[in-house]
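In: Could you work out the structure for the sequence below:
(one chain, ligands or ions: 1)
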Amino acid sequence: MQLRSTLKRYALRTRNFLEGYDTIPGVFFHQQFPGRVVLSFDDGPTEMTPRVAKLLSQHGIQGVFFMLGQRVAREPSIVREVDAAGHIIAIHSFSHPSFAELNARQMGAEIDQTRQAIDRALRDRYPKGYPHRYFRPPFGSTWTREGSPRARRRLVDTLTRRWMMPVFWQVDSGDGQDTKVDHVIERFYRELETSKGGVVLFHDTHKNLLPTLEKLIEELPQKGFQFSRLSDLIGGF
Ligand SMILES: [Zn+2]
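Out: A predicted model of the protein is given here:
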């Protein structure tokens with residue numbers, strides 16, 4: 001298992017290097033951030049989201065919430081709550097399609113509709129619009145196996161035009177498939193052993209997230225890891 005993920009990481013690193021992606025701002029699978037951990041959450045906002053935001057704030061941790069535009073439009077008050085608690089609102093698309101199959105116009109529309117929904121939700125605090133920076137494509141695709149170099153280029157162009165950057169992850173908690181606390185923790189540490197740190201992928205869509213986070217928030221500092229802000233990993237962006 002570990003050998004496979006090491007090989008996968010090496011293959012991605014080589015491919016990204018060959019394609020010249022090392023110069024593009026963002027967080028890519030092959031990068032390394034030893035000793036630091038950034039907690040990120042996909043597919044919200046849901047009723048879990050405010051509870052997660054509150055738990056992180058209580059421990060002085062800044063989370064990054066990659067939200068779905070269609071859920072933002074239904075739950076604008078949760079977006080306001082997450083922002084007011086000091087976390088980062090980021091974009092995960094409007095309707096969760098695989099970006100590997102979208103053309104440039106469709107990619108742009110998914111992102112812009114979500115930007116607008118977030119801007120509407122946060123208009124009082126950001127009258128000129130929220131400073132959108134970070135985007136994570138559903139399933140990580142374009143950078144996973146399904147993605148072609150052309151699809152990746154299309155996504156990078158779409159983001160660059162909007163002054164945004166892609167943010168993938170180093171540690172997949174696996175809670176997109178299996179939310180059982182013990183399984184998530186086990187997988188988390190297995191992935192952490194390979195990557196040594198970085199951005200962690202969770203989903204703020206299930207109730208096991210709170211006990212999982214409580215355990216990790218307690219254990220990680222004891223193991224020498226430090227909770228970081230996403231902007232600290234990428235030079236202040
Ligand atoms: Zn997702």
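In: Would you mind naming what in this protein lies close to the ion?
Out: Asp42, Asp43, Pro138 (Cβ under 5 Å from the ion). The C-beta positions use only the backbone N, C-alpha and C, and glycine is treated the same way.
In: Next one: the residue nearest the centre of the chain from the ion, what distance?
Out: By Cα atoms, centre = their mean, the chain has its centre lying nearest to Ser40, at 4.8 Å. Ser40 sits 11 Å away from the ion, going by Cβ to the ion, to the nearest Å.
In: and that residue, helix, strand or coil?
Out: Following DSSP: H, G, I helix; E, B strand; the rest coil, we place Ser40 in the strand state.
In: would CSV of the residues of the chain next to the ion with neighbour count, pLDDT and distance to Gly235 be doable?
Out: Formatted as CSV, these follow (neighbours: other Cβ atoms under 10 Å; pLDDT from 0 to 100; distance: Cβ to Cβ, whole Å):
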residue, neighbour count, pLDDT, distance to Gly235
Asp42, 25, 98, 24
Asp43, 22, 98, 28
Pro138, 19, 96, 26
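In: returning to that earlier point: didn't the residue nearest to the centre of the chain look like it was pressed against Gly198?
Out: No. Using Cβ atoms under 8 Å as the test, Ser40 is too far from Gly198 to be in contact (10.1 Å).
In: Please enumerate the shared neighbours of the two.
Out: Taking Cβ atoms under 8 Å, 6 or more residues apart in numbering as the criterion, Ser40 and Gly198 both touch Trp169.
In: now this protein, which segments are flagged as low pLDDT?
Out: Applying pLDDT under 70 to the chain flags residues 1-22, 236-237.
In: for it, what spans make up the helices?
Out: All helices of the chain, identified by DSSP state H, fall at 2-18, 49-58, 69-74, 76-84, 104-121, 149-160, 181-195, 209-222, 230-233.
In: Pro34: which of those helices is closest?
Out: Nearest of those to Pro34, taken as Cβ to Cβ: helix 181-195 at 8.5 Å.
In: so that closest one versus helix 209-222, what angle?
Out: 40 degrees (axes from the mean of the first three to the mean of the last three Cα atoms, to 10 degrees).
In: Can you list the buried residues in helix 181-195?
Out: Within helix 181-195, the residues that qualify as buried by neighbour count (16 or more other Cβ atoms under 10 Å) are Val181, His183, Val184, Ile185, Arg187, Phe188, Glu191, Leu192, Thr194, Ser195.
In: Take the residues you listed and write them to CSV, including distance to Val79.
Out: What follows is the buried residues of helix 181-195, written out as CSV (distance: Cβ to Cβ, whole Å):
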residue, distance to Val79
Val181, 27
His183, 30
Val184, 25
Ile185, 29
Arg187, 29
Phe188, 27
Glu191, 29
Leu192, 30
Thr194, 34
Ser195, 30
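In: Now flag whichever of the residues you listed is closest to Val27.
Out: Using Cβ to Cβ, these come closest to Val27 at Ser195, 11.7 Å.
In: Next one: the spatially closest residue to the closest one that is not a sequence neighbour from Leu55, what distance?
Out: In this structure, Ser195 finds its nearest non-sequential neighbour in Gln170, 4.0 Å apart by Cβ to Cβ, 6 or more residues apart in numbering. Separation of Gln170 from Leu55 (Cβ to Cβ, to the nearest Å): 22 Å.
In: In terms of neighbours, single out the busier of the two.
Out: Neighbour comparison, Gln170 and Leu55: the larger count goes to Gln170, with 27 against 17 (by other Cβ atoms under 10 Å).
In: give me the beta-bridge partners of the nearest residue to Glu191 once chain neighbours are set aside?
Out: Distances taken as Cβ to Cβ, 6+ apart put Val171 closest to Glu191, at 4.4 Å, once the chain neighbours are dropped. Beta-bridge pairing of Val171, defined through DSSP bridges, involves Val200.
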